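Sharing a sequence plus its predicted fold:
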Amino acid sequence: MNRNDAKKTPATFHVKSFGCQMNVYDGERMAEMLGTRGMTAAAEGAGADLVILNTCHIREKAVDKVYSDIGRLTREDGTRPMIAVAGCVAQAEGSEIQRRARNVDIVVGPQAYHHLPDLIDRAGRGESAVDTDMPLASKFGALPARTKQARPTAFLTIMEGCDKFCTYCVVPYTRGAEISRTWSAILDEARALVDGGVREITLLGQNVNAWTGEDDKGRGQGMDGLVRELARIDALKRIRYTTSHPNDMSDGLIAAHGDEPKLMPFLHLPVQSGNDRVLKAMNRSHSADSYLRIIERVREARPDIALSGDFIVGFPGETEAEFEDTLKIVEQVRYAQCYSFKYSPRPGTPAADMDGQIPAEVMDERLARLQTVINRHQAEFNAATVGRRTDILLERKGRHPGQLIGKSPWLQSVVVTAPELSIGDMVEVDIISAGPNSLAGEPSRRKAA
């Protein structure tokens, strides 16, 4: 089947996003853009005329999964939808994707997806439809206004790209340099989301706390100022942000955690390793000690804060003693939750060519040990929540009739049985039990504000 066999005028679409929350946001924005074009999202289980694979390039297996999914899109009768590969894999591999998977019609990078309607037209005419440009002009101004959201929570990208150049990471090459969206654009989008029913917004960026800009009076602002301004939107009840870098954890942002009630007591602050030599080899510009000092200051500002982090085990050259330094920092911080991965060499990054690549079996063993400690701390954090009375925002239905699931301020999933309540309600609950990954709650006598 060649590329011209794809349906030329797709009426329905499906976006499948892989990886990070920014990809989820990008997927939502692509869907909204296609909706303004008159296309509709395909019903659950129905075959879409256009399938967009919104890809992630952080892990090697994620890349392999994209090609596996492309192969599965050919139907039993030999037909297939129009296929678009978007996101970071598209940016990294460009037209090579079409050489490797000839049934791909469109390749579009994460800074060019606002050109998707034109690329669909070009693909429908059998023309080349590859766009991996990183234009200086922001794509956000070309996107439509936000529409009513299906859930009471939403992501909002406030900056993109990264200038840190960690030696293991492809983000600077696939997302480009750090670019902050303007103060007014962010506030306009936030207000549109809230007008559409959103009550909690999570601010996104590769290094979200590196955001800078000028407010409507021309005053320079960091992310703490932006958070405080967003908090003035009455119907917005909760603010979160991810992912942060230790070097951009400003005094103002730390203070905001202590005195802005709408900023939730949760901080995802990746350290990656507990050993200074490994951190230097990663080009992480903090030390284990400087990281711990930040954690101490955040906890002074907000004693009940839940902490989350990222860890890479088996970075090239990592010794057993250096890995044990990572275990030590995990024991010291006692994270409420964590993400941990085996090092995966990404083509084009400095670490991929470093000496001392660690055998897979050693990485497997270290990751298992690390995750044992992380899981113990998460279970302990959840157990310590039992007996608390807190507010949760109900986000989705549970498995059983009358069951709803919401998030605690500390980003824990809380399951309640309350047929009288609805998705989008803020409700006060008593936490009555805890499992390793979720809590059970019982509504108290009143709904939260």
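Alright, I've got the coordinates.

Could I get the average pLDDT for the one helix or strand residue 414 maps to?
Assigning secondary structure by DSSP states H and E places residue 414 in strand 413-417. For strand 413-417, mean pLDDT rounds to 96.

three-state assignment of residue 431?
Counting by DSSP: H, G, I helix; E, B strand; the rest coil, the backbone at residue 431 sits in strand.

re earlier: now do the strand holding residue 414: which elements does it pack against?
strand 389-397, strand 403-407, strand 426-434, strand 438-447 (3 or more C-beta pairs under 8 Å, 6 or more residues apart in numbering; DSSP states H and E). Glycine gets a C-beta too; all of them are placed from N, C-alpha and C.

Out of the ones you listed, the one nearest residue 159 is which?
Among those, the nearest to residue 159 by C-beta to C-beta is strand 403-407 (23.8 Å).

which helices and strands sit right next to the closest one?
strand 389-397, strand 413-417.

in the last one, what's buried?
Along strand 413-417, the positions that meet the burial threshold by neighbour count (16 or more other C-beta atoms under 10 Å) are 413, 414, 415, 416.

ok, now the first one?
Residues of strand 389-397 classed as buried under the neighbour-count rule (16+ other C-beta under 10 Å) are 390, 391, 392, 393, 394, 395.

will you turn these into a markdown table that also has pLDDT and distance to residue 426?
Converted to a markdown table, the buried residues of strand 389-397 look like this (pLDDT from 0 to 100; distance: C-beta to C-beta, whole Å):
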| residue | pLDDT | distance to residue 426 |
| --- | --- | --- |
| 390 | 97 | 11 |
| 391 | 96 | 6 |
| 392 | 97 | 7 |
| 393 | 97 | 5 |
| 394 | 97 | 8 |
| 395 | 96 | 11 |
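
quick one: which of these is nearest to residue 129?
residue 395 (36.3 Å).

just checking, that closest one touches residue 150?
No. At 10.3 Å, residue 395 does not count as touching residue 150 under the criterion of C-beta atoms under 8 Å.

The helix or strand of the chain with the lowest mean pLDDT packs against which elements?
In the chain, no helix or strand scores lower on mean pLDDT, DSSP states H and E than helix 60-72, which sits at a mean of 78. Counting contacts by 3+ C-beta pairs under 8 Å, 6+ apart, helix 60-72 is packed against strand 50-55, strand 82-87, helix 88-93.

Pipe those into JSON lines and attach mean pLDDT, mean neighbour count and distance to residue 404 per row.
Shown next, in JSON lines, are those (pLDDT from 0 to 100; neighbours: other C-beta atoms under 10 Å; distance: least, C-beta to C-beta, whole Å):
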{"stretch": "strand 50-55", "mean pLDDT": "93", "mean neighbour count": "26", "distance to residue 404": "28"}
{"stretch": "strand 82-87", "mean pLDDT": "93", "mean neighbour count": "27", "distance to residue 404": "32"}
{"stretch": "helix 88-93", "mean pLDDT": "85", "mean neighbour count": "25", "distance to residue 404": "34"}
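
And the ones you listed: which comes nearest residue 193?
Here strand 50-55 is closest among the helices and strands packed on helix 60-72 (C-beta to C-beta), at 20.0 Å.

And for that closest one, what's in contact with it?
The contact list for strand 50-55 (C-beta atoms under 8 Å, 6 or more residues apart in numbering) reads 7, 10, 12-19, 23, 26-27, 30, 34, 39, 62-63, 66, 69-70, 73, 81-90, 116, 120.

so it versus helix 60-72, what angle?
170 degrees (axes from the mean of the first three to the mean of the last three C-alpha atoms, to 10 degrees).

Please write out the alpha-carbon positions of strand 50-55 in CSV.
Backbone C-alpha positions of strand 50-55 (Å, rounded to 0.1, in the frame of the first residue of the first chain) are rendered in CSV as follows:
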residue,chain,number,x,y,z
LEU,A,50,-6.8,10.2,10.5
VAL,A,51,-4.7,8.8,13.3
ILE,A,52,-2.1,11.1,14.9
LEU,A,53,0.6,9.4,17.0
ASN,A,54,1.9,12.1,19.2
THR,A,55,5.3,10.7,20.2
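
so where does residue 290 fall, helix or strand?
Using DSSP H and E, residue 290 maps to helix 288-301.

just checking, what packs against the single longest helix found in the chain?
Of all segments of type helix in the chain, defined using DSSP state H, the longest is helix 360-385. Contact here means 3+ C-beta pairs under 8 Å, 6+ apart; on that basis helix 360-385 packs against strand 306-313, helix 320-333, strand 337-342, strand 426-434, strand 438-447.

Return the set of buried residues in it.
In helix 360-385, counting by 16+ other C-beta under 10 Å, buried: 363, 366, 367, 370, 373, 374, 377, 378, 381, 382, 385.

Leaving out sequence neighbours, find the closest residue to the third one.
Read it as residue 367. Leaving aside its chain neighbours, residue 367 sits nearest to residue 313 (5.0 Å; criterion: C-beta to C-beta, 6 or more residues apart in numbering).

likewise the second one?
For residue 366, the nearest residue in space outside its immediate sequence neighbours is residue 313; the separation is 4.4 Å by C-beta to C-beta, 6+ apart.

In the sheet, which residues pair with the one you found? Tell me.
Beta-bridge pairing for residue 313 (DSSP bridges): residue 342.

which residues in the stretch 51-200 of the chain form helices?
60-72, 88-93, 96-100, 116-124, 171-174, 183-195 (DSSP state H, counting those that start in this stretch).

Let me see the residues that make contact with the fifth one.
Read it as helix 171-174. 57-58, 88, 91-92, 109-110, 161-165, 206, 348-349.

May I have that helix as PDB, with CA atoms only?
Extracted C-alpha coordinates of helix 171-174, given in PDB (Å, rounded to 0.1, in the frame of the first residue of the first chain):
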ATOM      1  CA  VAL A 171      14.800  17.600  24.800                       C
ATOM      2  CA  PRO A 172      17.100  20.500  23.700                       C
ATOM      3  CA  TYR A 173      17.300  18.900  20.300                       C
ATOM      4  CA  THR A 174      13.700  18.000  19.900                       C
END
